[in-house]
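1. compute the structure for the input listed below.
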Amino acid sequence: MTIAISHLYSSLVRTALLVLVMLSVTACGFALRGTESITAQYDSLALDVDQPNSELARLLRRSLDVANVSVQPAGPNAPVLSVRNERSVSRPVSINPRARAAQYELRLSVDVTMVQDEEVLLPPETLLVERTYFEDIANIAGNQDEVEIITAEMRRDLVNQLLRRLEADTQ
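-> Sure, this is the predicted structure:
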């Protein structure tokens, strides 16, 4: 009898600790990457992108879809979100003893604005994301893969930054 009570007590304690940990993690704002939900105040908008088939445009369309914002052709009353001039810049930050670049800084930026009819809803601004990485001169192929992964993460960050900017503008 005491074994059953002891087992029940330890099970309750484990369950209570699990619930406490889950509440703590969600209360601090933790979310798995890519699961951030942003509630946009726009039901639909037109998207004007320099390169409509680019990775950035694809990520933006998917994120707007997740936020329940339909992307439609430009109409007379629809707000038009313009995303222009995606720029990627890489520059050396530090050098190694052989006078070669050891660390690089990557910068990815876009110019955004949003208008509806003749009213400016989001004034023109440049969104920017920066990352640094160390180059391993013994693994050039791995470095290139790392740069591609970092650039993809930077694009996701730019899209999230843009959606947060849209959300802040509508509140």
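2. how much space between residue 48 and residue 94?
-> 39 Å (C-beta to C-beta, to the nearest Å). Yep, even glycine has a C-beta here, placed from its N, CA and C like the rest.
3. and for residue 11?
-> Residue 11 is 54 Å from residue 94, by C-beta to C-beta.
4. how about stretch 102-121 as PDB, C-alpha atoms only?
-> Presented in PDB, the C-alpha positions along stretch 102-121 are these (Å, rounded to 0.1, in the frame of the first residue of the first chain):
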ATOM      1  CA  ALA A 102      39.400  34.600 -40.400                       C
ATOM      2  CA  GLN A 103      36.100  36.100 -39.600                       C
ATOM      3  CA  TYR A 104      33.500  37.600 -41.900                       C
ATOM      4  CA  GLU A 105      30.500  39.800 -41.400                       C
ATOM      5  CA  LEU A 106      27.400  39.200 -43.600                       C
ATOM      6  CA  ARG A 107      24.800  41.900 -44.000                       C
ATOM      7  CA  LEU A 108      21.500  41.400 -45.700                       C
ATOM      8  CA  SER A 109      19.100  44.300 -46.200                       C
ATOM      9  CA  VAL A 110      16.000  45.300 -48.100                       C
ATOM     10  CA  ASP A 111      14.100  48.500 -48.600                       C
ATOM     11  CA  VAL A 112      10.400  48.400 -47.700                       C
ATOM     12  CA  THR A 113       7.400  50.700 -48.000                       C
ATOM     13  CA  MET A 114       3.700  50.300 -48.000                       C
ATOM     14  CA  VAL A 115       1.100  52.500 -49.600                       C
ATOM     15  CA  GLN A 116      -2.700  52.400 -50.000                       C
ATOM     16  CA  ASP A 117      -4.100  54.600 -52.700                       C
ATOM     17  CA  GLU A 118      -2.000  57.700 -52.100                       C
ATOM     18  CA  GLU A 119      -1.600  57.300 -48.300                       C
ATOM     19  CA  VAL A 120       1.800  56.000 -47.000                       C
ATOM     20  CA  LEU A 121       1.000  53.300 -44.400                       C
END
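5. and that stretch, which residues are buried?
-> 102, 104, 106, 108-110, 112-116, 121 (16 or more other C-beta atoms under 10 Å).
6. taking those one by one, which sit in helices?
-> Among the buried residues of stretch 102-121, DSSP state H puts none in helices.
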